[in-house]
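1. Below: sequence and its predicted model.
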There are 2 protein chains.
Amino acid sequence: MRRDEAALQALASAPEARLLLLDGIDPQLTGDGALVWGKVAQAGDAELVFLGVDAEGVGSFAAVPRPEQSHIGPASPALWAAMASIGPSDLAIYGLARSLVGWHARHRFCPRCGSPTLLGKGGWQRGCVNEVCGADHFPRTDPVVIMSVEHDGDLLLGRQPRFPVHRYSTLAGFVEPGESLEEAVAREIFEEAGIAVEDVRFIASQPWPFPSSLMLGCHARALSRELTMDESELEDVRWFSRAEVAEAMEARERGEAGVAFDAPGKHAVAWHLMDHWLKG
Amino acid sequence: MRRDEAALQALASAPEARLLLLDGIDPQLTGDGALVWGKVAQAGDAELVFLGVDAEGVGSFAAVPRPEQSHIGPASPALWAAMASIGPSDLAIYGLARSLVGWHARHRFCPRCGSPTLLGKGGWQRGCVNEVCGADHFPRTDPVVIMSVEHDGDLLLGRQPRFPVHRYSTLAGFVEPGESLEEAVAREIFEEAGIAVEDVRFIASQPWPFPSSLMLGCHARALSRELTMDESELEDVRWFSRAEVAEAMEARERGEAGVAFDAPGKHAVAWHLMDHWLKG
């Protein structure tokens, strides 16, 4: 349907068509943590991103914020807290919308020639207005490796300066051009913790809209124990025992911080990697 | 070392520093299929991408082609043929260089504000020259799912119009914002072949520099057999028996096309997915 401009126009101009209401690219939420929807007419002449159709054929859209409303920095602590309370279905819709709308807000110009670009294919493309260039650009998705690393029954977890107090999580980093998933895991662990790993295995993936990542969750075994931390990325990195991780995960279920550390929320792939590791 | 501008300058100005010679972003090759290296001075005032240091501490670089030399279209048939003959080490170096140099050639301007950008961090970043904007941009890597799909002992393979005569390969497509690896596999198979799949498993990954992808190789089981082809993407899609695939893979080892179809080359992750499936 993205390729059918007339069908998209008809969907968007139907009176029941829905508009996801955003504050810049942050969500607007009801008191009980649900997304807030309005009518497409509220978008005025903003560019519209097509989010999909429901079972009744009603289309959902999100508007690309105007440049002056595009406060598109990193997620705020308030948003991080909200992410843990939004339901899975709303989170999936918002995640898609944030990824796409944020990409449009950051790609108003053609990186090849510097001319303005216009939204196309329901928001799954931007096209350069310069006829000599005419480049098409597509939403970006950045692969990120995130990994549980084990040594002699212990788990490697690290702490970034921006984390909530006492939080530790699995290490992660962007996959770079020219490397495989397995190579990216080995390089990131070596860069951040100074150790070599082997036996890298894929565990699970998750889309992550900050700004638009594909989290590729893996497990690896460390060949040694002594750590050398990358101080430009981390505030601390260390080994936690199985008992410490189990206690912190149980505390997280109760909405509390654990004794040895505060485990990441269940909406994060890090939680699933830690859970998968605990369950053997 | 990427962050240390002085160290990079010293490496690049050392008399033994090497420059990977390119024709636009295509490789220059010796008669026996090896990459051709020159001296960094040959790059003149071109922007330099840092490829790495060897065991002796000698730095390797590649030059970003000038706009008028940037014929950065899809790979030519000649390049596809060359890819099959370049050795693994040279292929890894060239793949990295092509991904990075091609990205720089296509990102001379800031997508946020339209101002020119300059190469930074040895080519692992571009920065906007507009002080009000000042956005940093990072090389793009696009995750792509590619998958062997089985039904009742047969393998699903398709043919794109651009493929060599008689070639069939595993289906593939870009991961989109907001979807997991497993969801991307299911969507692509449904879009291209009209069937639902289950039990999606990750098999292996490979970086692929056309233009800069991370191929995520998976296996899935189809829930049904009758195919509906996406004619905008494929020329044919069908089921091949285990015996047909085995024969085509054996023929490929001899450098020949198989009876039922011509299998992809060993340098492609598709070959490994088919080999992995054959070996159970």
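-> Yes, it's here.
2. Which of the three states applies to the closest residue in space to A:Leu48 that isn't next to it in sequence?
-> Closest residue to A:Leu48 in three dimensions, ignoring its sequence neighbours and counting by CB to CB, 6 or more residues apart in numbering or on different chains: A:Phe61, at 4.7 Å. No exception for glycine: its C-beta is placed from N, CA and C like everyone else's. With DSSP: H, G, I helix; E, B strand; the rest coil as the basis, A:Phe61 sits in strand.
3. Next, count neighbours for A:Phe61.
-> 25 (other CB atoms under 10 Å in any protein chain shown).
4. can you pull the contacts of it?
-> A:Ala12, A:Ala17, A:Arg18, A:Leu19, A:Leu20, A:Val40, A:Ala43, A:Leu48, A:Val49, A:Phe50, A:Leu51 (CB atoms under 8 Å, 6 or more residues apart in numbering or on different chains).
5. Close to chain B: what parts of the stretch 101-250 of chain A are there?
-> Contact residues (CB under 8 Å from any CB of the partner chain) of the stretch 101-250 of chain A with chain B: A:103, A:106-117, A:124, A:135, A:137-143, A:174-182, A:202, A:204-207, A:209, A:212, A:214, A:216.
6. In helices, which of those appear?
-> By the criterion of DSSP state H, membership of these in helices covers A:Trp103, A:Leu181, A:Glu182.
7. ok, the first one - how many residues close by?
-> The number of residues packed around A:Trp103, counting by other CB under 10 Å, is 25.
8. Tell me how far A:Gly194 lies from A:Leu234.
-> Noted for A:Gly194: a distance of 11 Å to A:Leu234, by CB to CB, to the nearest Å.
9. Compare the two (neighbour count), which wins?
-> Taking neighbours as other CB under 10 Å, A:Gly194 and A:Leu234 compare with A:Leu234 leading, 17 against 14.
10. per-residue confidence for that one?
-> pLDDT, A:Leu234: 97.
11. same thing with A:Ile72?
-> Model confidence at A:Ile72, given as pLDDT, is 66.
12. Equivalent analysis for A:Arg225, please.
-> What the model reports as pLDDT for A:Arg225 is 97.
13. Nearest residue to it in space, please, no chain neighbours.
-> Leaving aside its chain neighbours, A:Arg225 sits nearest to A:His151 (5.4 Å; criterion: CB to CB, 6+ apart).
14. contacting residues around the one you found?
-> Contacts for A:His151 (CB under 8 Å, 6+ apart) come out as A:Ile195, A:Arg221, A:Ala222, A:Ser224, A:Arg225, A:Trp239.
15. what about the fourth one, which helix or strand?
-> Secondary structure assigned from DSSP states H and E places A:Ser224 in neither a helix nor a strand.
16. Now the residue in chain A sticking out farthest from the centre. Its backbone dihedrals?
-> Relative to the C-alpha centroid of chain A, counting by CA atoms, centre = their mean, A:Val132 is the outermost residue, at 35.1 Å. The phi and psi values for A:Val132, taken as degrees, to the nearest 10, are phi -70, psi -40.
17. burial count for A:Gly127?
-> Burial measure for A:Gly127: 16 neighbouring residues, criterion other CB under 10 Å.
18. Look up how far B:Gly52 lies from the residue in the stretch 151-280 of chain A positioned nearest to chain B.
-> Of all residues in the stretch 151-280 of chain A, the one sitting closest to chain B is A:Gly178 (3.1 Å; CB to the nearest CB). As judged by CB to CB, A:Gly178 and B:Gly52 stand 10 Å apart.
19. Name the helix or strand of chain A that has the lowest mean pLDDT.
-> Least confident helix or strand of chain A, by mean pLDDT, DSSP states H and E, is helix A:77-83 with a mean of 80.
20. Nearest spatial neighbour of the residue positioned nearest the centre of chain A, chain-adjacent residues omitted?
-> Closest residue to the average C-alpha location of chain A: A:Trp208 at 1.7 Å, with CA atoms, centre = their mean. With sequence-adjacent residues excluded and distances taken as CB to CB, 6+ apart, A:Trp208 is closest to A:Met215, at 4.9 Å.
21. Test of understanding: give the bridge partners of that neighbour.
-> Taking DSSP bridges, one obtains A:Val144, A:Gln206 as the residues bridged to A:Met215.
22. can you pull the contacts of it?
-> Applying CB under 8 Å, 6+ apart, we find A:Met215 in contact with A:Val144, A:Ile146, A:Ala172, A:Ser205, A:Gln206, A:Pro207, A:Trp208, A:Val269.
23. swap the cut-off to 6 Å and go again
-> By CB atoms under 6 Å, 6 or more residues apart in numbering or on different chains, A:Met215 lies in contact with A:Val144, A:Ile146, A:Gln206, A:Trp208, A:Val269.
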